[in-house]
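S.K.: Pasted the sequence and its predicted model underneath.
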Amino acid sequence: MVAHADTVDPPLRRRLLETWETAPGLYGWLATVDHKTIGIRYLCTAFCFLLVGGAEALIMRVQLAQPNLKVLSPDAYNQLFSMHGTTMMFLYALPILSGFSNYLWPLMLGSRDMAFPRLNALSYWVFLFAGIFLYVSFPIGQAPNGGWFAYVPNTNLKYDPGINMDVFSLGLVFLGISTVVGSANFIVTLLRCRAPGMSVNRLPIMVWGTFTASAANLLAVPAVSLACIMLWLDRRCGTHFFDVAGGGQPLLWQHLFWMFGHPWVYALVLPAMGIVSDALPVFCRRPLVGYTLVAISTVATMILGFGVWVHHMFATGLPVMSLSFFSAASFVIAVPSAIGVFCWIATIWTGKPQFKTPFLFFAGFVMLFVIGGVSGFMTASVALDWQLTDSYFIVAHLHYVLLGINVFPVVGGVHFWFPKMTGRMMSERLGKWTFWTMLIGFNVAFFPMHITGLMGMPRRVYTYDADMGVGWLNLISTIGAFVFAVGVVLFLFNVWRSLRAGAPAGDNPWDAPTLEWSTTSPPPVYNFATIPQVASRYPLWEERLKESDERSIVGDAVPDGMVLDQGKETIGVSPLDAVPTVVLKMPGDSLLPLLLTIGMAALFFGMLALSLWLIVLGGICEIVTLAAWLTPKPHEAEERVELYE
Amino acid sequence: MKRVGALGLTLGLAGCANRPLSYLDSTSPIGSQIASLGWGLTAISVGVCIVIGVLLAVSIWRRRSGSLEVGPVNDRRAIRWIGVGVAVSTIFLVGSAVWTLITVHSIAQPGTPSGLSVDVTGQEWWWSVKYNSSDPSRQFTTANQLVIPVGVPVQVNLMSADVIHSFWVPKLGGKMDMIPSRTNMTWLEADKVGDFRGQCSEFCGLQHANMAFSVRVLSQADFDAWWTGQLQPASASDSPGLQTFMVRCAACHAIRGTAAGGILGPDLSHFGSRESIAAGLLPNTKPNLVDWINNTQTIKPGVKMPELHMLASETDEVASYLEGLK
């Protein structure tokens, strides 16, 4: 039963609002821990970084439009391609997904907030500050210039004497804190903060994707943080981890980096694939075909993803036997992807497709996923990869993967959840224009790069010879890139216009089946006046699907529902079956996350400037803030109320 | 469909046109094995895209109704078809993996080692090439060009003097990285005489784009003659060009047979017989050489060679001298 929000008991609503509302004014703006605010901040910030990274790409495309152009100096080109990669991989692709997950998880799971709201705020602030940190040397022409992969010894002090790579290495360590903190929060949220009855076999696939990616991040990010600390120590403190003259090993960097880098790539796509798995079926008017298969292949992809990192190193001269192993593993990882593709197609095939904008993006995603997948399949072959690697073929492949599997679902997802977030619909007409412009621009830009690569154009070159015969292909790519940019502008225009003048959305404009659509659009700050009780995978469709006789209890006017209005509270459940066990007291607004981030920033800027007093100042700030954060409140002993035996 | 058409068109073009770095048409036993694997996997890939594209298009268009109704579903048949799809995919994946491993095994070692080996050392941003011989008097060093005999596997030992580079002659085979502190090994073998182009393919800093080299494949007789020619020292002339060279250039460059013995820059012995200047950047002509000496940092910004601001007459003398070193 879905009751409309207006039917709720007004005093209860007022009570909850007073309890949960963020304080007004600047203080509230800085101190909020509301997951929806944080989610939208993540989305907006990550999107800004996408625009910056995109602008960098367009400038590079101008330089490459014809052979031997001199729009950019080699140094400027190297900084731009390094920052383009770093920005897109670290500051756009994962944070945008964190934005969706932060906003949607508690709503999808039937909770009132993430497990650790202050940690959530911390992960956003750290992301923002680390993003700014990575750009701090850009205006003075000293931005990171060794590629997002930062291979040593090219990034050692001897060959790269500016602060460029100090910014990079410290910036990634800084950003890694945000990722790890956020991942831990997602994992605990999934395990404990769900509505009663939201057992693991009822989770939306997007939750599976983010959970899997978060677990992977906890294991993968330390590798790159460690490598970056070692790089910084080599550069500024005289250690020799990677320095050949001191007995160091350049290949150690590559192993550490790709042990992180390859799982990371999957972390950038699995939640986005989850967006498609959840939202595509809504437009096919039926549940996803093969829910269990998709959930299992999500996890399987990630596990296999930890065993293929050497396929980035096929040309490093490792023994043929070990290369063969990693090559075979790289073929195997295509199996779970194939399962996903067939499940999506089967969902469309057996459904009744509705040609709404999000559907177009998701269907387009399936095709781009396959094209990016088969070029990945070609590079999995170690022998063929000896030719393909470090050529434009790889540039084509990775953009099909990252734009196709991340950007297309993300833009589709924004069209899909925009009504929930704002209460207004996005324009369908503009949305369709956006889709076709982006799809055509994307393919015109990136498909020719396969051929450019097969004709032998190496990656990361600031120019090329006319006699290579790839000038016309590069010109087509440049034109396509600008067409794609027009699509992005159309999308932004649509967002801007819809925010002001979009049609009112109502609670559930798409007639979608999951919990986030059972509350108002936009949702109240406490998400649900009464905690939902879940009896199936599709609570809002179960009357029609008739899969069982059990019914979920959702909506606001549930008599005897759990209202939890004795302070900021949500329900804690058992990890697998989601049996409610405790009432969790949630923290309110707090400046501590911001203060901790400022201290951290001082610490990292101190290390960048090699300024001892700044390091000490930052350190003191950290210790004091952490002490304040961790000091038990007097009432904390009463926080955990046992509900059931 | 549009994409498939574009692919076909371009592959056709690539097959006949002269693309110096294209590896779709290869002229070596190693390269052609990779090329046939490449064509095979490309065919599978294009096939997969067509099949999935058709499935997707049909699934989208087969039942477009305005109905928004959601009703009970039974997915048993759909799941069975997914099983079929995954099984077929797995067969192709396993087949491709086996094909790959067979290819790797067969190209990792040449059939009959010839005993001819060359050391190539990558550095920012050129290539030092040393021809090894059991007879020390027959060893010599050159730069930015590799000359090999036709039909013979040549062992190439790859090293780096500074950062990581990668050795790649697309028409003759795959890449192999040049990593400081390691010596990697690869093989070159060409089926026919001709000139090929090599390129650094690991990002190595400012001039990664302009770090190329040439490979000239000669008949065995021509190769032997070339080697003998390379061993000839430059005639000890007292030409003004050599004198200027000794003052201006010899701290970094070496010329066998003269007192010039610098090791920071490429060895310039027999420079006049080389195809290009500055690691494949400019064709080796006298005007280009003069231009290079005068405008080094404009033509290839960041290289270690400074602009010496030599007098026009000095530049002309040096260029004439170097071009005369055949």
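M.R.: On my side now, so go ahead.
S.K.: pLDDT at A:Ala637, what is it?
M.R.: We note a pLDDT of 48 for A:Ala637 in this prediction.
S.K.: Would you mind confirming that B:Pro72 is in contact with A:Glu543?
M.R.: No - the pair B:Pro72 and A:Glu543 does not pass the contact test of CB atoms under 8 Å, sitting 10.9 Å apart. All C-beta spots, glycine's among them, are computed from the backbone N, C-alpha and C.
S.K.: Between these two, which is the more surrounded one?
M.R.: Taking other CB atoms under 10 Å in any protein chain shown, B:Pro72 and A:Glu543 do not tie; A:Glu543 has more neighbours (13 against 9).
S.K.: which residue sits closest to that one, ignoring its sequence neighbours?
M.R.: Of all residues not flanking A:Glu543 in the chain, A:Arg551 sits nearest, at 7.5 Å (CB to CB, 6 or more residues apart in numbering or on different chains).
S.K.: For A:Asp465, which residues are in contact?
M.R.: With contacts defined as CB atoms under 8 Å, 6 or more residues apart in numbering or on different chains, A:Asp465 is in contact with A:Pro67, A:Asn68.
S.K.: do you know how far it is from B:Gln199?
M.R.: In this view, A:Asp465 and B:Gln199 are 10 Å apart by CB to CB, to the nearest Å.
S.K.: now swap in A:Thr514 and tell me
M.R.: 52 Å.
S.K.: ok, those two, which is more surrounded?
M.R.: Each of A:Thr514 and B:Gln199 has its neighbours counted (other CB under 10 Å); B:Gln199 has more, 29 against 26.
S.K.: is it true that that one touches A:Arg460?
M.R.: No - using CB under 8 Å, B:Gln199 is not in contact with A:Arg460; the gap is 11.9 Å.
S.K.: Break down the stretch 51-200 of chain B into its strands, ranges please.
M.R.: Using DSSP state E, counting those that start in this stretch, the strands of the stretch 51-200 of chain B run over B:117-123, B:126-131, B:140-143, B:145-149, B:154-160, B:165-167, B:176-178, B:184-188, B:194-199.
S.K.: Can you lay out these as CSV showing distance to chain A and mean pLDDT?
M.R.: Formatted as CSV, those follow (distance: least, CB to the nearest CB, whole Å; pLDDT from 0 to 100):
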stretch, distance to chain A, mean pLDDT
strand B:117-123, 11, 96
strand B:126-131, 15, 96
strand B:140-143, 19, 95
strand B:145-149, 17, 95
strand B:154-160, 8, 95
strand B:165-167, 6, 97
strand B:176-178, 5, 97
strand B:184-188, 4, 92
strand B:194-199, 6, 93
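S.K.: Let me have those in JSON lines, extended by distance to A:Thr434.
M.R.: Output for the strands of the stretch 51-200 of chain B, formatted as JSON lines (distance: least, CB to CB, whole Å):
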{"stretch": "strand B:117-123", "distance to A:Thr434": "46"}
{"stretch": "strand B:126-131", "distance to A:Thr434": "48"}
{"stretch": "strand B:140-143", "distance to A:Thr434": "53"}
{"stretch": "strand B:145-149", "distance to A:Thr434": "51"}
{"stretch": "strand B:154-160", "distance to A:Thr434": "47"}
{"stretch": "strand B:165-167", "distance to A:Thr434": "40"}
{"stretch": "strand B:176-178", "distance to A:Thr434": "42"}
{"stretch": "strand B:184-188", "distance to A:Thr434": "48"}
{"stretch": "strand B:194-199", "distance to A:Thr434": "39"}
